[in-house]
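Participant: dropping a prediction and its sequence here:
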Amino acid sequence: MRIFFAAIFLITFINANSLENFQAFFIQTVTSQEGDAVNYEGEVFFSKNRALWHYKSPNEKLIYINQESVTIIEPLLEQAVISEHNEMDKIQSLLQEWIESGQKNIEYDGITYQVVFKNKLPVSIEYKDALENKVTIKLSNIQTDNPIKHSIFIPNIPQEYDIVRY
């Protein structure tokens with residue numbers, strides 16, 4: 001779940017820079033070794049220790065991240081996957097040191113992430129996944145410190161959805 005790492009990076013960045021909130025549009029491009037590419041588009045919302053990745057295209061998917069869990073809601077499948085985690089503090093500590101050192105690349109769990117900044121804000125994150133696909137997440141229309149309702153970070157799982165826990 002590399003989006004989890006990217007989200008924790010952005011949460012840590014927000015905290016390190018004393019920002020209240022961060023939101024942006026994103027385009028995530030996954031390019032195979034053969035050069036075939038798939039684009040995903042949506043919006044991201046971050047606040048202190050909370051995140052929402054809202055994929056809108058080609059299929060809707062919502063990924064909620066907080067201190068205790070990651071919840072993925074997939075309307076097309078009528079399914080929600082909830083996984084407990086306890087790595088946020090460890091990753092945030094590592095990222096805090098990395099942000100303070102001003103490095104552009106960081107390695108975590110065998111993956112090297114490259115982050116590009118513009119005007120002191122992250123505008124892209126790039127890495128190769130376990131299948132050697134190149135993944136690029138480009139952020140645009142970045143807004144910081146605009147109010148974001150707390151309720152946006154609370155998963156709303158329809159009653160008829162299957163729930164998978166692990």
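Facilitator: Now that the structure is in, tell me what you want to look at. Numbering: from 1, shown residues only.
Participant: low pLDDT regions in the chain?
Facilitator: Within the chain, the segments meeting pLDDT under 70 span 1-2, 4, 86-90, 99-103.
Participant: can you give me the strands for it?
Facilitator: 21-31, 37-47, 50-57, 61-65, 69-74, 79-84, 105-108, 111-118, 121-128, 134-144, 162-165 (DSSP state E).
Participant: mind listing what's buried in the fifth one?
Facilitator: Of the residues in strand 69-74, those buried under the neighbour-count criterion (16 or more other CB atoms under 10 Å) are V70, T71, I72, I73, E74. Quick note: C-beta positions are derived from backbone N, CA and C, even for glycine.
Participant: quick check, nearest of those to E97?
Facilitator: E97 lies nearest to V70 out of those, by CB to CB, at 23.4 Å.
Participant: could I get stretch 115-134 in CSV with only the CA atoms?
Facilitator: C-alpha atoms of stretch 115-134 as CSV (Å, rounded to 0.1, in the frame of the first residue of the first chain):
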residue,chain,number,x,y,z
VAL,A,115,9.7,14.0,-4.2
VAL,A,116,9.7,17.2,-6.2
PHE,A,117,9.0,20.5,-4.5
LYS,A,118,7.9,23.8,-5.9
ASN,A,119,7.6,26.9,-3.8
LYS,A,120,8.4,24.7,-0.8
LEU,A,121,5.3,22.5,-1.5
PRO,A,122,5.4,18.9,-2.7
VAL,A,123,4.2,18.8,-6.3
SER,A,124,5.0,15.2,-7.3
ILE,A,125,6.0,11.8,-5.7
GLU,A,126,7.5,9.1,-7.9
TYR,A,127,8.5,5.5,-7.2
LYS,A,128,8.6,2.0,-8.7
ASP,A,129,6.2,-0.4,-7.2
ALA,A,130,6.9,-4.1,-6.4
LEU,A,131,6.0,-5.1,-10.0
GLU,A,132,8.5,-2.5,-11.4
ASN,A,133,5.7,-0.2,-12.6
LYS,A,134,6.6,3.5,-12.5
